[in-house]
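>>> my questions concern the predicted model and sequence given below.
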Amino acid sequence: MTVLEKAQALLPEMTSGEKAQLLQWIVRDLSGTFPGIEQTPDVAGGEPTIVRTRIPVWLLVQARMLGSSEADILRAFPSLRAEDLINAWAYYDAHHDEIELQIVENETA
């Protein structure tokens with residue numbers, strides 16, 4: 001059985017939410033883009049930020065590393081939605097070294 005056939009066989013066992021998550025992963029893998037994350041040269045020095053905000057991904061990751069819960073972060077940044085944090089964590093997972101470097105650079109700035 002090929003990998004594609006295995007995937008097809010799993011589809012009926014998946015919930016709608018799981019299928020949506022799988023689709024999001026596939027789109028991300030194919031496009032190399034991350035929904036909800038943008039990089040604009042004139043915003044936050046071109047660092048990746050949450051769409052609709054000027055909040056850099058590195059800042060959210062650093063807050064999480066320092067022990068803030070997602071609820072704490074959402075309270076501290078009322079313009080954020082839970083979906084924004086999911087997108088930020090996914091971006092961090094895919095660009096770990098880039099975000100770690102941005103944290104270091106901003107700590108020493």
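Okay, I see it. Worth saying up front: this structure is predicted, and the values here are computed from it rather than measured. Numbering: from 1, shown residues only.
>>> in the protein, which helix or strand is least confident?
Of all helical and strand segments in the chain, the minimum by mean pLDDT, DSSP states H and E falls on helix 16-31, at a mean of 83.
>>> this protein: strands as residue ranges?
37-38, 49-50 (DSSP state E).
>>> just the ones you listed: most buried one?
strand 49-50 (a mean of 24; mean count of other CB atoms under 10 Å). Quick note: C-beta positions are derived from backbone N, CA and C, even for glycine.
>>> rounded mean pLDDT for that one, please.
Average pLDDT, strand 49-50: 95.
>>> and stretch 79-99, by the same measure?
Averaging pLDDT residue by residue across stretch 79-99 gives 94.
>>> buried ones in stretch 35-51, by neighbour count?
By neighbour count with 16 or more other CB atoms under 10 Å, stretch 35-51 contains the buried residues 36, 37, 44, 47, 48, 49, 50.
>>> out of the residues you listed, flag the one nearest to residue 103.
Using CB to CB, residue 47 comes nearest to residue 103 of the buried residues of stretch 35-51, at 10.5 Å.
>>> ramachandran coordinates for that closest one?
phi -70, psi 150 (degrees, to the nearest 10).
>>> pretty sure it contacts residue 56?
Yes: applying CB atoms under 8 Å, one finds residue 47 in contact with residue 56, separated by 4.7 Å.
>>> need the residues touching each of these two.
residue 102 (CB atoms under 8 Å, 6 or more residues apart in numbering).
>>> domains in this structure, by residue range?
1-32, 35-108 (automatic domain parsing).
>>> and the longest one, end to end?
Looking back up the chat, that one is domain 35-108. End-to-end distance for domain 35-108, by CA to CA, to the nearest Å: 29 Å.
>>> from residue 80, how far off is the nearest residue to residue 83 once chain neighbours are set aside?
With CB to CB, 6 or more residues apart in numbering as the criterion, residue 83 has its nearest non-adjacent residue at 6.6 Å, and that residue is residue 36. Distance, residue 36 to residue 80, by CB to CB, to the nearest Å: 10 Å.
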